[in-house]
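Asker: The following comprises the amino acid sequence and a computationally predicted model.
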Amino acid sequence: MTRGIVEAIEGHYSALALDALHQLGALNRLKAWRSHVELAADCGVDNAMLGPVLDFVVATTTLLESDGMGRIRLTSGETEHARIAHMLDQYVGGYGPALAGLATLLRERRWGEALVDPDRHAAAFAGDNDGGNPISETARIIIHLGTTGVVELGCGGAQTLCDIAGALPELTAVGIDSNPAVVAQARRLVQSRGFADRIRIVHGDALDALTGISLDGVQVVLASSFLNAFWREPGDASARLRRLSGLLPGRLLVVSDYYSHLGAGAGVDRGSPRTLIHDLVQAVSGQGVPPSSVDAWAGAYSGADAELLHVFEATGDGIDRFVHLVRLPDRPATARASGGPGHYADPPAPAARPNPEQC
C-alpha cells in the first residue's frame, strides 16, 4: 500500500500515540471497555488530553473501537494486545530513536547502533519467556539432531535453549547475547526452568565471548537472528563465518533468520509491510539489509568455505523466514570475495516449516 503525505503523517502520529498509551499501561487496561474518564483515572493522566488521543487512534486505526457511548476497547483483546505491544516495543520504542535521527545517520551511519534502545527492544521479546509459546521449529530441528552440546549466538531470552534442554536431558549449552537487558531475561528463564546447571548465559559480543569459553563439547552452533546484523559492508557476513569456523571448525551451524525485501536485487515493490519495516530498521541501525534469496545467503556461506546442506522455509507474520543447516569448514577459510550460490549437498525439499521467530 502506498500513502500520500497526509496518510503518512497520520500513520506516524498513530504509532506514536499508540506507543504512549502502551507505555502508560493504557492499552493493557483497554482489553475491557473503558471510558476516557475511567482510563485517565486508572493511568493518572490528563483526561482533557487523553480523550482526543484515544479518539484519534480510533479514527485512524482498526486497533481500538468505540461503542458510540464514550467507551473504548481493544478490537481483539488479549492476542491483539500482545502483538501490538511486541510491535511497538520493537519498532517504535527499540528502533524508533534511530529513525528519529535518520537525517544525521544518513551522513554518519556509524551512530545507528548506539541509538537503538536496548531495554525497549528486549521488552519486545519478553513475552517469549512467559511459558505459553509453542516450541519453535528451530528447536525441533536441533532436538531431532540429538546433540549434547550447543552454543547459541544471539540467544535472546533463551527460550529456544530451554526448549532444547527440556527435550535432551544430556544437553549442556551456552547462550551469548550483546543486549544486557536480554541477558537478564535469559538468566531468569534458565533459573526458573531449572536449567542453571546445564545452560550458561554470557553477555558480550558473540565471537569475542567464544574465545573465553571451553568449546570442546560443542557439536552444534545456533545463530538466531545473528547473521542478519552483518551486511553493512560486502563480505562482512563471510568474514564473521570465517572467524567462527576458526573457533569451531567442522561444526554444524544452524542459521535461523529471514529473507529481506529490500536486499540487493529484490526490487522495491514485492515486499510485505512488515518485512519492509524490518529491512529499514536493519539499515538504519547499522546492521545492513541481509540477502533476499537462498542463493545470496549461500554465497556468503561459500565465501567462508562453508557448505549449505539443507533449507527449511516458511512465511509467518509477513516475514519470509528460514532455517539453514550449514557445515563449517574443517579449517579456517582464506579471505576472499563471496560470490554466487554455494555448493548444495544432497538438497532436499523443505521438510519442516519454521514458526515465526525473533528478528
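Answerer: Received it, and whenever you're ready, just let me know what you need. Every value quoted in this text rests on a predicted model; they were computed, and no experiment measured them.
Asker: where in the stretch 151-300 of the chain is pLDDT low?
Answerer: Along the stretch 151-300 of the chain, the model assigns pLDDT under 70 to residues 264-271.
Asker: Now do the helices in it.
Answerer: 159-167, 180-192, 206-210, 236-247, 273-284, 294-302 (DSSP state H, counting those that start in this stretch).
Asker: What is the second one packed up against?
Answerer: When contacts are defined as 3 or more CB pairs under 8 Å, 6 or more residues apart in numbering; DSSP states H and E, helix 180-192 sits against helix 118-124, helix 159-167, strand 172-177, strand 199-203. Using the backbone N, CA and C atoms, a C-beta is placed for each residue, glycine as well.
Asker: Out of those, which gets nearest to residue 99?
Answerer: Closest approach to residue 99 among these is made by helix 118-124 (12.9 Å; CB to CB).
Asker: gap between that closest one and the chain center?
Answerer: Mean-position distance between helix 118-124 and its chain equals 11 Å (CA atoms, centre = their mean, to the nearest Å).
Asker: Please parse the chain into its domains.
Answerer: Structural domains assigned to the chain are 5-123, 131-261+287-327, following automatic domain parsing.
Asker: low-confidence ranges in the stretch 1-150 of the chain?
Answerer: 1-2, 128-132.
Asker: Look at the residue of the chain most remote from its centre and give its secondary structure.
Answerer: Ranked by distance from the centre of the chain (CA atoms, centre = their mean), the top residue is residue 69, with 40.1 Å. What DSSP: H, G, I helix; E, B strand; the rest coil gives for residue 69 is coil.
Asker: by contact count, what packs against the strand or helix carrying residue 73?
Answerer: Assigned by DSSP states H and E, residue 73 falls within strand 71-74. Judged by 3+ CB pairs under 8 Å, 6+ apart, the packing partners of strand 71-74 are strand 34-35, strand 64-66, helix 77-87.
Asker: Just put the ones you listed in a markdown table and tack on mean neighbour count and distance to residue 182.
Answerer: Below are these laid out as a markdown table (neighbours: other CB atoms under 10 Å; distance: least, CB to CB, whole Å):
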| stretch | mean neighbour count | distance to residue 182 |
| --- | --- | --- |
| strand 34-35 | 18 | 32 |
| strand 64-66 | 17 | 30 |
| helix 77-87 | 15 | 14 |
